[in-house]
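Predicted model, plus sequence, below.
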Amino acid sequence: MGVEMIEGLGDRRVTLEQLRAFVLVNEDGGFMRASEELGRTQSAVSQSLQKLEDAVGCRLVDRRRGQVEGLTEEGRRFLPTAREVLSRLTDALGALKRPELFGRVRLGVPDDFPLAAIQGAISHCLALNPGLRVEVESTLSGRVASLLDKGQLDLGVHKRVTAPGEVGREEEGETWVLREEPLVWVARDRIRVGAGDALPLVLFPEGCSYRAVAVVALAAEGIAHYPAYVSSSYDTIHGAIDAGLGVGVFARGGVSPRQRILTEEEGFPPLPRVRLLLSLRGRSPAARGLAEMLRDSAGLIRLLDPAA
């Protein structure tokens, strides 16, 4: 579907492939995984991005020596629009094939994820299906998985950290990958490990996979640390980091423009990737239909990320 044309500036045109390249490069912080998802070479993805920048008349991605440093100010402003165009196309195509849904579905969503994103996707599904009733329980990702196992939810969105070297793929059974991203250390200011003081951490409560990954990675390197701020609220965690209270761990796409990504150059250990999963346990047509809509509308989840 990379040949569709959208009006650009003057007689220039923007293709859907160019928009996909731009969105994927931002989400994964580079060309390698974008090229894998698009089935194109890294060079071809880079050329698509360059053509998009030529069409809109400004630089969208800051690149240095072939590496993606982040989005420019213009890129951050353009990103929500690019995501919305791709999402609306996905929805329009799906609506032609999908029957209207009726009934009750119990859905679990994680507190430690941008809730506005999930709420937006659910709202969109409800608007298309007036006869659908969704009862949402918001809790830590680990508890969502537990409630699914106990049969207390029909459908759940939860996270799973991947093992080192594990590649992204569709999960077995009735679980699908909505998205996959690298985990990164973040803080308001540049911080270097090894200055002698214990590292202040801004953390979700026990049971959060981000917290477990951070503690294990620091312990493996013998880096002293302590919980400077703990909250189950995604927005509160962001606020604490923005206030300079400590270092946190987020998926790459959840890093806000006010935060700095900390790397191995500052002494921080590497982190694995994380998958956002959608698991189906209910057997009703409504539960399965909602699962398919959320899975196919994964672009809506990206649309409202704080990084946008």
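Nice, thanks for sending it over.

pLDDT at Glu17, what is it?
Here, the pLDDT recorded for Glu17 equals 85.

Tell me the spacing between it and Arg88.
Note on Glu17: its distance to Arg88, by CB to CB, to the nearest Å, is 16 Å. To be clear about C-beta, it is placed using only N, CA and C from the backbone, and glycine gets the same treatment.

Look at the two and report which has more neighbours.
Neighbour count, other CB atoms under 10 Å: between Glu17 and Arg88, Glu17 has more, with 19 against 14.

Have a look at the chain and report its longest strand.
strand 175-187 (DSSP state E).

Which SSE is immediately downstream of that one?
With elements assigned by DSSP states H and E, the helix or strand that comes after strand 175-187 is strand 199-203.

now Ala212, nearest residue through space, not along the chain?
Counting by CB to CB, 6 or more residues apart in numbering, the nearest residue to Ala212 once its immediate chain neighbours are dropped is Val161, at 7.7 Å.

rewinding a little: pairing partners for the longest strand of the chain, with directions?
strand 248-251 (antiparallel), strand 260-262 (antiparallel), strand 273-280 (antiparallel) (DSSP bridges).

quick revisit: quick one: contacts for the residue nearest to Ala212?
When contacts are counted by CB atoms under 8 Å, 6 or more residues apart in numbering, Val161 touches 183, 209, 212-213, 272-275.

the helices in the protein, which residues?
With DSSP state H as the criterion, the chain has helices at 16-28, 32-38, 42-56, 73-95, 115-128, 141-149, 209-220, 234-242, 285-296, 298-303.

what helices or strands is the third one leaning on?
Other elements packing on helix 42-56 under the criterion 3 or more CB pairs under 8 Å, 6 or more residues apart in numbering; DSSP states H and E are strand 13-15, helix 16-28, helix 32-38.

name the helices or strands packed onto the longest one?
Helix 16-28 is packed against helix 32-38, helix 42-56, strand 61-64, helix 73-95, strand 175-187, with contacts defined by 3+ CB pairs under 8 Å, 6+ apart.

deepest of these, which one?
strand 175-187 (a mean of 21; mean count of other CB atoms under 10 Å).

And the residue nearest the centre of the chain, how far from Ile261?
Within the chain, one residue has its C-alpha closest to the average C-alpha position: by CA atoms, centre = their mean, that is Gly253, at 4.9 Å. For Gly253, the distance to Ile261 equals 12 Å [CB to CB].

so where's the stretch 101-250 of the chain shaky on pLDDT?
112-117, 163-173, 195-196 (pLDDT under 70).

And for the residue lying closest to Val85 once chain neighbours are set aside, the neighbour number?
Among residues not flanking Val85 along the chain, Leu19 sits closest, at 6.0 Å (CB to CB, 6+ apart). The tally of other residues near Leu19 (other CB under 10 Å) stands at 22.

Same question for Lys150.
Number of residues near Lys150 (other CB under 10 Å) recorded here: 9.

next one: phi and psi at it?
Phi and psi for Lys150, reported as degrees, to the nearest 10, are phi -80, psi 0.

can you check Ala224 too?
Here is the backbone geometry of Ala224 (degrees, to the nearest 10): phi -70, psi 140.

what does Pro205 give?
Here is the backbone geometry of Pro205 (degrees, to the nearest 10): phi -60, psi 170.

Does it touch Ser232 like I think?
Yes: in terms of CB atoms under 8 Å, Pro205 counts as a neighbour of Ser232; the distance is 5.4 Å.

Noted, bye for now.
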